[in-house]
Every structure is written in C-alpha cells, then in structure tokens.
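S.K.: Output the structure for:
(one chain, ligands or ions: 2)
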Amino acid sequence: MPQKIIMDVDTGSDDAVAMLMAGHHPNIELVAVLPVHGNAPLKLTLENTLKLLSVGELEHVSVYVGASAPLIGPILAGDGDQIVRMPFPESKIQPQEKHAVNYLIDYYMSGEGDETIYMPIGPLTNLALALRIEPELVKRIPRIVTMGGAYLGGNKTPSAEFNILADPEAAHIVYSAGIPITMTGLEVTDKAVIKKSDIEPIREIGTPWADAAAEIITIIVDIHMKFPGRTGGIVYDACTVAAVIDPSVIQTQPMHIDIELGGKYTRGRTVADTRGRKNMPVNVDVGTNIDREKFLKILYESVK
Ligand code: RIB
Ligand code: CA
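M.R.: Ligands and ions are numbered 1, 2, ... in the order given. Here you go, the predicted structure:
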C-alpha cells in the first residue's frame, strides 16, 4: 500500500519539485495539497501550486486553500530564490471550497487519516490553527515529517530557518503538541547539493513532470550558484519527500526542541538539546545527515 501524505506547501520552487516527486513516486499517494503563505503571498503560492499540478499532470490531487498570514506576524517573504511566479501556463484547476484548516480537522477526525503522514514544507500556520480548534487532532495525526528548522544555524537569520521564522508561534504550537515529528532541517537539506550535471538524467527521462522538475531545478541551481561557496542548488523540500519514500536516506537523532518566540536576534530558532539532558523529553527526530547519492536516486525514480 502506498504511503498516504498531505502536504502543506508555499510554492516555492523546491515545494514544486517536492510535489512532483510525491505525486509520481509509486510508493506515495498524494492525498491533498494545502497552499499557505510563505515564500510568496498566498495568492501566488496558490497560483504556483495550481500551475505546477497542471504541468505535472497531477490534476487529480485535491487543493484546499490555507492561511494567508502567520498567527501574529509579520508576513515574511522568500528571498527571490523561489521563482516567485512559476514559469508555466495558467491552470484551470479549481481549489475545493472548504478551508485547509477545516479539511485537516475533518479528514483526520473522521479516522480516514489514521495512517496519513502530514508533511508541512512551509510555515506551520494551518496545523497550528487546526490544533487550537480541535485539540483531539493530536491523537489522530500519526506523524509529521517536515522541512523546517535547524539545530546549528539558520538561513533567514543566523538563528532561524525560513519556515519556522515565517510563523514561530505556529511552530511552537505544533512542536509542543505531542505529535511524533521528523524534522528535515538545514543540516539535512544543505548536504543534498544538486549540481548542474545531476540535472541531465532528469531531462533524459522525457515525461512532462520530469521536464518540469528539470526546468525548476535548473533555475534553483543557477540562482544558488551565485551565492559564495556554493557548488550547486539546494532543493530543501524535496529532501523531506525523499525521507518518506525511503527513511534510510537520512540519519536522525532524537532531541528536545523548543521554538524561540522572543529574542532580538534569535526569534524563530529551533532550540535543540543536542546533549540529551534528562529533564528535556525528546519530542522530535531531528535529521542530522543525508546520503546525497541515495537522495538523487530517489529523485530520479520519483519523476520517471
Ligand atoms: O528554508 C527552506 C524552506 O523555506 C523551504 O521550505 C523553502 O521552500 C522555504 O519555504
Ligand atoms: Ca517550502
């Protein structure tokens, strides 16, 4: 039986590649995608998501529109490495009428989602709102596998990773809720560097979704190569999908994580107890490493 997943997305170039992988890998059933604010305003992340689902031949995947702003704010925007407008034609897909937060509650409370992994690869606003409305959800979501956070240092600030900083209060609600979490943060994603030469095998596959993935990854690599010291591009959210397709692609360490909500310089940090102190109960399986070669193999397999 394929592993069912629901993805929260802020498309976003790497979100787009992640959806193509999840939508086409035979071991995954992509049940729904929930666009949320993040890399761009919701209007754009929604438009990008719909375009991607059309060009990637994933029109059957339901779309429920999520939150347009963080719980407290301010709204953060991506850094321009996210292809703010997907270079694809307008889509005819119509999102569902139900709000993403109501969908999450109805889906998981009905029991339908007992084995469905929830995969947020953007800010955590949707699930935080759902948990406040329906606290019983904690017992119904079997696992969260998420792109977000970092235990060494951030990318948006020296302390904070983008998805967490985009809604720290929501991240606090989700991380302290008690749902099992696997976190693929920057210590994982930054090791899965994609080089220009790694894109060729994707292009050779020849499916429309492989072509779309190759086009997006090429743009990411071109942008990231301009940053000092970079040898390729980072497709953050794709690592999270790979970690569900084959959990052995990453190494993890159980840790206690708190989210920094104050801090002039540290707001949004995922503060990790890397030493396993006895009074700090483990709440997250934190990704510490990724097998880059295996990751590439999973990426190729997914878009075949
Ligand atoms: O920090 C990387 C994350 O921020 C990725 O999910 C990317 O899409 C952006 O949302
Ligand atoms: Ca994202």
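
S.K.: now the strands for the stretch 201-304 of the chain?
M.R.: For the stretch 201-304 of the chain, strands defined by DSSP state E, counting those that start in this stretch occupy the ranges 233-234, 250-259, 270-273, 284-290.

S.K.: Tell me how far the residue in the stretch 151-300 of the chain that ligand 1 sits nearest to lies from A69.
M.R.: In the stretch 151-300 of the chain, the residue that lies nearest ligand 1 is F162 (3.6 Å; CB to the nearest ligand atom). Quick note: C-beta positions are derived from backbone N, CA and C, even for glycine. Note on F162: its distance to A69, by CB to CB, to the nearest Å, is 16 Å.

S.K.: Also L20?
M.R.: L20 is 27 Å from A69, where distance means CB to CB.

S.K.: can you list the strands of the stretch 201-304 of the chain in a markdown table and add mean pLDDT?
M.R.: A markdown table is the format used below for the strands of the stretch 201-304 of the chain (pLDDT from 0 to 100):
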| stretch | mean pLDDT |
| --- | --- |
| strand 233-234 | 96 |
| strand 250-259 | 98 |
| strand 270-273 | 97 |
| strand 284-290 | 98 |
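
S.K.: Of those, which is nearest I179?
M.R.: Taking CB to CB, strand 284-290 is the member of the strands of the stretch 201-304 of the chain nearest to I179, at 10.2 Å.

S.K.: I'd like to know which elements the closest one is packed against.
M.R.: Contacts defined by 3 or more CB pairs under 8 Å, 6 or more residues apart in numbering; DSSP states H and E place strand 284-290 against strand 181-184, helix 186-189, helix 236-245, strand 250-259.

S.K.: if I pick A214, what's in contact with it?
M.R.: I199, I202, R203 (CB atoms under 8 Å, 6 or more residues apart in numbering).

S.K.: mind listing what the second one touches?
M.R.: The neighbourhood of I202, defined by CB under 8 Å, 6+ apart, consists of A210, A213, A214, I217, L299, Y300, V303.

S.K.: Apart from its neighbours in sequence, what residue is nearest it?
M.R.: A214 (4.4 Å; CB to CB, 6 or more residues apart in numbering).
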